[in-house]
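# Have a look; sequence and predicted model below, questions after that.
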Amino acid sequence: MAQLNACFFIGRLGKDPEMNYTPNGKAVTKFTLAVDQGKQDKPMWLNITTWDKLAERVNTLLYKGAQVLVQGRLKISSYTDKNGIDRQAHEIIANDVQLLEKKQTLDEQEKEP
């Protein structure tokens, strides 16, 4: 039986992406994504991780509030917190991120009423 771990989300960045490098020099960029769940529910917040060239591109092009499409896979990690309680962390490892809007230039922002 075939297995599939794929997910797609459209949402807005909660803050600017943060890029770092691993000790062996691989770029990794992380950001949070707010996904609308309808009028009655609060947004669902997702932790997104990108690697290598995608990480560099995301860090350069994305910004807080940008609407994006994220395609990737779900990763669930288990850990024990400092109080000895078993926890799970959920994150999306992105394979592709597409900006769904054009960032306004300063001139366009100044023209708005």
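Thanks, I have it.
# Quick one: classify the residue nearest the centre of the chain as helix, strand or coil.
With distances taken as CA atoms, centre = their mean, I48 lies nearest the centre of the chain, 3.2 Å away. What DSSP: H, G, I helix; E, B strand; the rest coil gives for I48 is strand.
# quick one: it from G84, how far?
29 Å (CB to CB, to the nearest Å). Where you see a C-beta, it was placed from the backbone N, CA and C, and this is true even at glycine.
# Now the closest residue in space to S78 that isn't next to it in sequence. Its backbone dihedrals?
Closest residue to S78 apart from its sequence neighbours, by CB to CB, 6 or more residues apart in numbering: Q88 at 5.5 Å. Dihedral pair for Q88: phi -130, psi 140, per degrees, to the nearest 10.
# Contacts only, for Q88.
By CB atoms under 8 Å, 6 or more residues apart in numbering, Q88 lies in contact with 76-79.
# Closest to F31 out of the residues you listed?
Nearest to F31, judged by CB to CB, of those is S77 at 17.9 Å.
# The closest one is in contact with I93, isn't it?
No: shown here, S77 and I93 do not form a contact pair, counting by CB atoms under 8 Å, at 11.1 Å.
# Looking at those two, which is more packed in?
Between S77 and I93, I93 has the larger neighbour count (other CB atoms under 10 Å), namely 15 against 9.
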